[in-house]
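[1] Give me the fold of what follows.
(chains A and B)
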Amino acid sequence: MTMTTKTGIGTVAEQGDRAPARPSIPPKLRRYGASIGWGIASIGLFTAIWEILWAVGWANPLLLPPPHLFLQDIPTTLGYFAQKNVIGSRGTGNGLTGLLMTILWTTTRVVLGLTLGFVLGVAVGAVVHYVRIVRNLLLPTILLLAPISPVAWLPVAIFVFGIGDVPAIFLVFITVFFAIVLSTVSQFESVPKNYLHVARIMGASEAQTFWRVILPAILPSLFMTLRLNLFAAWMVVLIAEAVGVGTGLGQITSMARATFNAKLVFFTMAIIGVLGFTFDWALRYVQSRMLWWVAPNQGGRR
Amino acid sequence: MTEPAIAIRNVAKTWTPEGRPAVHALRNLSLDILPGEFVVLLGPSGCGKSTLLYMIAGLEGVSAGTIEQDGIAVTQPSAERGLIFQEASLFPWLTIVDNVAFGLSVRGVPVTERRAIAVEMLRSVGLGDMLEKKPDELSGGMRQRAACARALAMRPKVLMMDEPFAALDVQTRSKMQDFLLQIWRDSGASIILVTHSIDEAIALADRVVVFTARPGQVKTIVPIDLPRPRPSRDARYHQYRDLFTELLADEVDRAFAEQEAL
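    From the prediction side, this is the model:
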């Protein structure tokens, strides 16, 4: 039915503006449709293989419950999510708000950590670049600390900040901070010399040159660094929640592991996957809005 | 006698790279640029002609000698001495009109006024339709014209160009030369253009300053005594061509020999 209608519209359009004989869909819409179509096909294939493995008895439903099992009993599953951001809160039975609140708390930690890490990272990077003594004093330490896995900071975070939101935010912060500092320092050096020459000839002050030439010149690469570290940030927030916070999606996963609740594990994993994807998409959207001059195939957009 | 717009007296430039012998880029160079004059600096690669441009602009200091603009020593860059590079170097985060208005906004000219000036400048270089485009959306020749408009918006007394058309294809190049002569006449500024193309020098210059190989000095100054436009079919054009080819051949040989010796 739908097909015939579409062809009908296509034919009318052809007569109107003498378009080529095939029904014309705008290329943008077609590309969009194609990418959604392939997305569905990809996830569908993955799910199908999993379901088949279950159907022939190779995947133990207790250990690897396929999607139709772990998505089957959502009300019970949702019962595990607490509304309050307090350790030891019980699931209140009103599942959906519990789930949303849990997601909200975890997301807030990620966003706060990323924002702090980005802003402070750029600021420290700028100071390191401009002030020689700071550079000489800080850079060796930063180079030493940068390769340490954020997870290794977990005990430190708990020693210093105790149990609660702060250690999780701190871990996300640490994940992006060093990368942003180092990226800022190296980006400063790669600003095209001619941009700086133009600024000097036009009589721009140091501050004008920084805010109006250097910062916009390095922003796309910094944003790329932020996006590359986004997944690491999601990883550490879950670990921090499991160990040092006691609430959030990480804690649910940890609890599900301890109680051998495979359905809850996979349900939470699905939520985390969707969240991570949404975050990356949102950052890409912000990038295309704020950094409009970066062409779609530059600056590492996928 | 008219006062020169730019007076270059006994200028030298020496680079001292760490752990290596000093490089003498320019030695004892003197040259006057008159107001409204079109001067082309011609010479083999690495003869220091671009370095001279950067020193006149105030982006590089002199190692010896003085450079004066209207009798005042050049110590720092100024928009009165505009400089155009081989790449247009427009800011990709600004639209074309905002790029042209950048210098005025730095100077604190109100939004409506600077926009009006930028629009006028872009019209005069034939980019009146491109105001809100991104630099990426323009062709190489258009970008270079926008860079000219950006420099001209500051009403420079001297416009310097460092091989501005080297990255363009031949057809665009000849169009850009016509365009350049037109803005030169309209603006009344002196133009100092660096090139290694003999044809470009003959097509554009009032006077061609031929450089020696490094260390760069003025080898000779040749006034081009032809009415513009200067079609390359003209017999005298060929005489100039032969003259410059000969003058440069020695220098290119010397530059080569020096590189071989390294």
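[2] and the residue of the stretch 101-250 of chain B found nearest chain A, what helix or strand is that in?
    At 3.7 Å from chain A, residue B:103 is the closest residue in the stretch 101-250 of chain B, using CB to the nearest CB. The way it works is simple: take the backbone N, C-alpha and C, and place the C-beta from them, glycine included. Secondary structure assignment for residue B:103, by DSSP states H and E: helix B:96-107.
[3] I'd like the mean pLDDT over that helix, please.
    The predicted model assigns helix B:96-107 a mean pLDDT of 92.
[4] Also stretch A:171-183?
    Rounded mean pLDDT across stretch A:171-183 is 91.
[5] Need the residues that contact it.
    With CB atoms under 8 Å, 6 or more residues apart in numbering or on different chains as the test, stretch A:171-183 has contacts from A:109-110, A:112-114, A:116-118, A:120-122, A:124-125, A:128, A:142-143, A:145-146, A:150-151, A:153-154, A:157, A:221-222, A:225-226, A:228-229, A:232-233, A:236-237, A:239-240.
[6] How is the chain divided into domains?
    Since you didn't name a chain, this refers to chain A. Split into domains by automatic domain parsing, chain A comes to A:26-59, A:77-290.
[7] The chain in question should be chain B.
    Domain assignment for chain B, taken from automatic domain parsing, gives B:16-80+B:156-261, B:90-155.
[8] Could you point out which of those sits nearest residue A:99?
    Nearest to residue A:99 among the domains of chain B is domain B:90-155 (40.7 Å), distances taken as CB to CB.
[9] So which bits of the stretch 101-250 of chain B are right by chain A?
    Selection of the stretch 101-250 of chain B residues close to chain A by CB under 8 Å from any CB of the partner chain yields B:102-103, B:106-107, B:134, B:136, B:150, B:154.
[10] Neighbour count added to those residues, as JSON lines?
    Shown next, in JSON lines, are those (neighbours: other CB atoms under 10 Å in any protein chain shown):
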{"residue": "B:102", "neighbour count": "24"}
{"residue": "B:103", "neighbour count": "25"}
{"residue": "B:106", "neighbour count": "20"}
{"residue": "B:107", "neighbour count": "13"}
{"residue": "B:134", "neighbour count": "18"}
{"residue": "B:136", "neighbour count": "12"}
{"residue": "B:150", "neighbour count": "30"}
{"residue": "B:154", "neighbour count": "23"}
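[11] ok, which pair from these is furthest apart?
    B:107 and B:136 (26.6 Å).
[12] so where do the helices sit in the stretch 51-200 of chain A?
    Ranges of helices in the stretch 51-200 of chain A, per DSSP state H, counting those that start in this stretch, are A:67-70, A:74-78, A:95-130, A:132-145, A:154-161, A:165-189, A:193-201.
[13] For residue A:56, which residues are in contact?
    For residue A:56, counting by CB under 8 Å, 6+ apart, there are no contacting residues.
[14] Give me the nearest residue to residue A:226, chain neighbours excluded.
    residue A:118 (5.7 Å; CB to CB, 6 or more residues apart in numbering or on different chains).
[15] Help me confirm that the residue of the stretch 101-250 of chain B closest to chain A comes into contact with residue A:203.
    Yes - the pair residue B:103 / residue A:203 is scored as a contact, 7.2 Å apart, by CB atoms under 8 Å.
[16] okay, now residue B:160: neighbour count?
    29 (other CB atoms under 10 Å in any protein chain shown).
[17] what's the answer for residue A:266, then?
    20.
[18] cool, residue B:10 as well?
    Neighbours around residue B:10, by other CB under 10 Å: 12.
[19] Tell me the spacing between residue A:117 and residue A:232.
    11 Å (CB to CB, to the nearest Å).
[20] Please identify which of these two sits among more neighbours.
    residue A:117 (25 against 17).
[21] Quick one: neighbours of the nearest residue to that one once chain neighbours are set aside, just the number.
    The shortest distance from residue A:117 to any non-neighbouring residue, by CB to CB, 6+ apart, is to residue A:176 (3.5 Å). Residue A:176 has 26 neighbours, counted by other CB under 10 Å.
[22] cool, and residue B:46?
    Using other CB under 10 Å: residue B:46 sits among 16 other residues.
[23] residues in contact with the closest residue to it other than its chain neighbours?
    Excluding its sequence neighbours, the residue lying closest to residue B:46 (CB to CB, 6+ apart) is residue B:214, at 5.7 Å. Residue B:214 sits next to B:23-25, B:46-48, B:255, B:258 when contact means CB under 8 Å, 6+ apart.
[24] now, among those, which is nearest to residue A:287?
    Residue A:287 lies nearest to residue B:46 out of those, by CB to CB, at 41.6 Å.
[25] Give me the pLDDT for the closest one.
    Taking residue B:46 on its own, its pLDDT is 75.
[26] which residues does the residue nearest to the spatial centre of chain B bridge with?
    Nearest residue to the geometric centre of chain B (CA atoms, centre = their mean): residue B:161, 2.0 Å. When assigned by DSSP bridges, residue B:161 has beta-bridge partners residue B:84, residue B:193.
[27] from memory it sits against residue B:190, does it?
    No - using CB under 8 Å, residue B:161 makes no contact with residue B:190, being 11.5 Å away.
[28] hey, where'd the helices end up in chain B?
    B:49-57, B:96-107, B:111-124, B:140-152, B:170-187, B:198-204, B:235-261 (DSSP state H).
[29] How many residues are close by residue 60?
    The chain I'm using is chain A. Residue A:60, neighbours per other CB under 10 Å, totals 11.
[30] look at chain B instead
    Count around residue B:60 with other CB under 10 Å applied: 17.
[31] Show the pLDDT at it.
    90.
[32] okay but residue A:197 is in contact with residue B:59, surely?
    Yes - judged on CB under 8 Å, residue A:197 makes contact with residue B:59 at a distance of 5.7 Å.
[33] Residues in contact with both of these two, list them for me.
    Common contacts of residue A:197 and residue B:59, defined by CB under 8 Å, 6+ apart, comprise B:77, B:83.
[34] Quick one: residues contacting the closest residue to the residue of the stretch 101-250 of chain B closest to chain A other than its chain neighbours.
    Leaving aside its chain neighbours, residue B:103 sits nearest to residue A:202 (3.7 Å; criterion: CB to CB, 6+ apart). Residue A:202 is in contact with B:79, B:102-103, B:106-107, B:154, counting by CB under 8 Å, 6+ apart.
[35] where are the low-confidence patches of chain B?
    Counting by pLDDT under 70, chain B contains low-confidence ranges at B:1, B:261-262.
[36] shaky segments in chain A?
    A:1-23, A:83-95, A:295-302.
[37] Near chain B, which residues of it are found?
    Going by CB under 8 Å from any CB, the residues of chain A near chain B are A:192, A:194-195, A:197-205, A:208, A:212-213, A:216-217, A:291, A:293-295.
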